[in-house]
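Peer 1: I'll drop the sequence and a predicted model, then ask my questions.
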Amino acid sequence: MFEAILFDLDGTLLDIDMVDFFPCYFRAMSELAAEKGFADPAQLVKLVDRCTWEMIRDRSGENTNKEAFLDNFLARWPYSEDQATDFFNEFYAARFPLLQQHGKAFPGMQEMMAELCKQNRKIVIATQAIFPIESIQCRLDWAGVRDFPYELVTSYEHMHYCKPAPEYYAEIAERIDVNPAKCLMVGNDTGADLPASALGMKTFLLEERLIDKGNSPYRPDWRGKLSDLYSFMKEAFKIKT
């Protein structure tokens with residue numbers, strides 16, 4: 001039925017509340033900026049947040065998300081590109097992993113992924129592509145699902161679009177060479193994950209960490225709690241859960 005399964009990460013594979021996580025993430029970034037002697041670390045954090053939202057809204061497809069972010073960031077930051085690169089590299093290598101306390105594995109998720117990866121089917125980590133790959137690998141590790149042979153892990157280094165743009169899902173389908181109609185998207189955010197439906201992808205809405213602002217025009221094909229997801233996977237893909 002499906003040739004590819006796309007999984008959101010935060011709130012889907014990883015038990016994490018991003019509303020609680022982001023203030024801690026930005027606090028850690030501000031602390032490192034202060035240690036490095038950058039003027040006004042709070043302003044740096046505000047600039048990162050602003051440029052991230054500009055990156056999300058950019059649907060030109062001309063640049064990678066990383067290029068779009070850095071173009072906007074460097075135009076407003078009073079330091080060199082090398083200083084910015086060194087700062088972000090150090091932050092994601094040394095400080096981001098210390099945020100592990102905010103995320104944990106969902107029971108049974110590792111076992112489900114192991115069973116799915118035994119099949120001749122492409123598995124994609126379709127996480128919001130605003131982070132570098134190092135931070136995504138960290139969160140996959142927190143979720144207990146890092147070491148699997150994924151067809152693609154979306155990150156800001158190589159993706160040209162962000163959720164909720166349908167182009168984000170189109171880029172994934174093109175990269176893995178699978179018709180969108182043969183893809184299943186599993187996620188917990190009605191606004192970010194269900195737009196995969198615009199391309200003809202089927203969707204499963206996981207309600208464990210549900211994000212629903214009530215403004216999505218899309219409806220999932222299936223929905224439910226973790227137990228429902230595992231039952232669905234067992235029935236649809238004949239796996240053990």
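Peer 2: Thanks, I have it. Residues are numbered from 1 along each chain as shown.

Peer 1: Just the pLDDT for the residue lying closest to residue 88 once chain neighbours are set aside.
Peer 2: Closest residue to residue 88 apart from its sequence neighbours, by C-beta to C-beta, 6 or more residues apart in numbering: residue 132 at 7.4 Å. Every residue, glycine included, has its C-beta placed from N, CA and C. Predicted confidence (pLDDT) for residue 132: 97.

Peer 1: List the residues that contact residue 132.
Peer 2: By C-beta atoms under 8 Å, 6 or more residues apart in numbering, the contact set of residue 132 is 66, 88, 92, 155, 156, 157.

Peer 1: Which residue, neighbours along the chain excluded, lies closest to residue 215?
Peer 2: Nearest residue to residue 215, sequence neighbours excluded (C-beta to C-beta, 6+ apart): residue 191, at 6.8 Å.

Peer 1: In this structure the one you found contacts residue 214, no?
Peer 2: No: at 9.2 Å, residue 191 and residue 214 do not qualify as touching, with contact defined as C-beta atoms under 8 Å.

Peer 1: And the two? Which one has more around it.
Peer 2: Higher neighbour count among residue 191 and residue 214: residue 191, with 17 against 6, using other C-beta atoms under 10 Å.

Peer 1: Quick check: phi and psi on the more buried one?
Peer 2: phi -80, psi -30 (degrees, to the nearest 10).

Peer 1: gap between the two ends of stretch 198-208?
Peer 2: Distance across stretch 198-208, first residue to last, is 24 Å (C-alpha to C-alpha, to the nearest Å).

Peer 1: Other residues contacting that stretch?
Peer 2: 2, 6, 11-12, 15, 106, 166, 169-170, 173, 179-181, 183-188, 190, 193-194, 196-197, 218, 220-226, 229, 232.

Peer 1: Thank you, goodbye.
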